[in-house]
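Asker: Give me coordinates for this.
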Amino acid sequence: MRAIRFETTGGPEVLQLVDVPTPEPGPGQILIRHKAIGINFIETYHRTGLYPIKLPAIPGGEAAGVVEAVGDGVTRFKVGDRVATNGTGGAYAEASLCRADRAVAIPDGVSFETAAAVLLKGMTTEAFVRRTYPVKAGETVLVHAAVGGVGQIMTQWLKAIGATVIATVGSEAKAAKARALGADHVILYREQDVAAEVRRITGGVGVPVAYDSVGKDTFEGTLGSLARRGLFVSFGNASGPAPPFAPARLSAAGSLYITRPTLFDYVVTQAELEESARLVFDMVASGKIAIEIGQTFPLADARRAHEALEARNTVGASLLIP
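Answerer: You can find the predicted model right below:
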């Protein structure tokens, strides 16, 4: 089978199209023949070495496809079932192995493309807005990169539960998109003082929670936007890692909290995984969340996909198609 592999860390140029043997499932595993592969920013962190992984590596953790073979002891799925998975690694390929207890069934009416575009980003949203900080109707929330892959889903999810969304984006075109998604207020973070705008919008109070996937460029604005005892949810480094800071800054700014969550600590058990996936697919099926697949790339063009992602030239979800 064809796969994208990198043997050393570096820029997008280290991603190489190679031929590798198609793996066979061992006990408790299934082999998924991919129909669509999700592209997520975390894969750029693996490629650059920011998040170290064992090399050589086939990147990617999110894919949707058909079960092609099952290993001994697998009763949860059978050959021909439509399934999706995230976080198991090796997704930038025509097929991959997955533990049966880390895959979920794709509901009828949900396409492979939608499943690959929504599962990781949607479950991240579910975990962060329901469990990292249980957002309540009427609360005002700050969402950075609001028209990115997670940002689009998060904006719609927050609106569905009755929150007021302050969105930040990098251009006027993206501002229009954020408003179309339901954002109540939009800030151009490259041109406007984010903290000052948030304070103006909230009557000087600030927001109880802010979701920041951008990192270095938005760190100060996020910190300055929080209300007393507010929570800073840092979950990405699109502009580079957030800078080191003295913990005393949190007390000086109003007894703030900061957390660096990862989805995989919220879907540790099969029950947690299935519940999170069910909630995501339910939101899609209900029409409360529309999934925009902004761009697709052939598997062989993974380098070009990473270049577009890192240049922030993408809108919504990005997919590789085997």
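
Asker: Buried ones in stretch 266-284, by neighbour count?
Answerer: 266-267, 273, 276-277, 279-281, 283-284 (16 or more other CB atoms under 10 Å). (Each C-beta comes from the backbone N, C-alpha and C, glycine too.)

Asker: Repeat that for stretch 99-108.
Answerer: 99-106.

Asker: ditto for stretch 287-298
Answerer: 289, 291-297.

Asker: got TSV for those residues, with secondary structure too?
Answerer: Below are the buried residues of stretch 287-298 laid out as TSV (DSSP: H, G, I helix; E, B strand; the rest coil):
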residue	secondary structure
Ile289	coil
Ile291	coil
Glu292	coil
Ile293	strand
Gly294	strand
Gln295	strand
Thr296	strand
Phe297	strand
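
Asker: Reformat the residues you listed as TSV; add distance to Gly170 and pLDDT.
Answerer: Below are the buried residues of stretch 287-298 laid out as TSV (distance: CB to CB, whole Å; pLDDT from 0 to 100):
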residue	distance to Gly170	pLDDT
Ile289	22	95
Ile291	21	92
Glu292	17	87
Ile293	20	92
Gly294	15	88
Gln295	17	93
Thr296	22	96
Phe297	22	97
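
Asker: possible to save the residues you listed as a markdown table with distance to Ala242?
Answerer: A markdown table is the format used below for these (distance: CB to CB, whole Å):
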| residue | distance to Ala242 |
| --- | --- |
| Ile289 | 28 |
| Ile291 | 28 |
| Glu292 | 27 |
| Ile293 | 29 |
| Gly294 | 26 |
| Gln295 | 27 |
| Thr296 | 31 |
| Phe297 | 29 |
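
Asker: distance of the spatially most central residue of the chain from Gly11?
Answerer: The residue lying closest to the centre of the chain (CA atoms, centre = their mean) is Lys121, at 3.4 Å. Separation of Lys121 from Gly11 (CB to CB, to the nearest Å): 24 Å.

Asker: mind checking the longest strand of the protein?
Answerer: Counting residues, the longest strand found in the chain (DSSP state E) is strand 29-39.

Asker: Domain map for the chain?
Answerer: Here the domain parsing of the chain from automatic domain parsing is 2-119+269-321, 137-260.

Asker: Thr125: which of those domains is closest?
Answerer: Comparing the domains of the chain by their distance to Thr125 (CB to CB), the top pick is domain 137-260, with 4.6 Å.

Asker: low-scoring stretches of the stretch 51-200 of the chain, by residue?
Answerer: Applying pLDDT under 70 to the stretch 51-200 of the chain flags the ranges 87.
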